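In: Quick one, structure for this:
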Amino acid sequence: MRNFRNCLRSLAALWLLSLLAMQAHAQSITVDAKNVKQQILMMGGDMERSGSNLQNAANQEEIID
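Out: As a prediction, this is how the structure comes out:
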């Protein structure tokens, strides 16, 4: 019985550590309402037509997928 309790404690500790280790990363854009010249380009999910635009983008590091 003591072995079983130790096993349950270990499993509970592993489960808790796995929950704490998970991180969510969200992507976002920033819109400046005062900057009237700011460009925000949006593309749809049709990769057959917009794929080349994504590959040839001038600022590829700014692409949010």
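
In: only C-alpha atoms for contact and neighbour calcs from this point on.
Out: Fine.

In: Which helix or which strand is home to Asp32?
Out: Using DSSP states H and E, Asp32 sits within no helix or strand.

In: typed the wrong thing, it's Ala12
Out: If you go by DSSP H and E, Ala12 is part of helix 2-21.

In: pLDDT of that helix, averaged?
Out: Regarding helix 2-21, the rounded mean pLDDT is 83.

In: send the alpha carbons of it over as CSV?
Out: Listed in CSV are the C-alpha atoms of helix 2-21, where the atom choice follows Å, rounded to 0.1, in the frame of the first residue of the first chain:
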residue,chain,number,x,y,z
ARG,A,2,2.9,2.4,0.8
ASN,A,3,4.4,1.7,-2.7
PHE,A,4,1.1,2.6,-4.3
ARG,A,5,0.8,5.9,-2.4
ASN,A,6,4.4,6.8,-3.4
CYS,A,7,3.6,6.0,-7.0
LEU,A,8,0.4,8.2,-6.9
ARG,A,9,2.4,11.0,-5.4
SER,A,10,5.0,10.8,-8.1
LEU,A,11,2.4,10.7,-10.8
ALA,A,12,0.6,13.7,-9.3
ALA,A,13,3.9,15.6,-9.1
LEU,A,14,4.7,14.8,-12.8
TRP,A,15,1.3,15.9,-13.8
LEU,A,16,1.6,19.2,-12.0
LEU,A,17,5.0,19.8,-13.4
SER,A,18,3.8,19.1,-16.9
LEU,A,19,1.0,21.6,-16.4
LEU,A,20,3.4,24.3,-15.2
ALA,A,21,5.8,23.7,-18.0
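
In: Work out the gap between it and the centre of the chain.
Out: In terms of CA atoms, centre = their mean, to the nearest Å, the centre of helix 2-21 is found 28 Å from the chain centre.

In: buried sites along it?
Out: Buried residues in helix 2-21, defined by neighbour count with 16 or more other CA atoms under 10 Å: none.

In: what does it rub up against?
Out: Outside helix 2-21, not one residue touches it by CA atoms under 8 Å, 6 or more residues apart in numbering.

In: Now with 10 Å, please.
Out: By CA atoms under 10 Å, 6 or more residues apart in numbering, the residues outside helix 2-21 that reach it are Met1.

In: Going forward, the N-terminal residue is numbered 37.
Out: Right, with 37 as the first residue, what we last looked at is helix 38-57.
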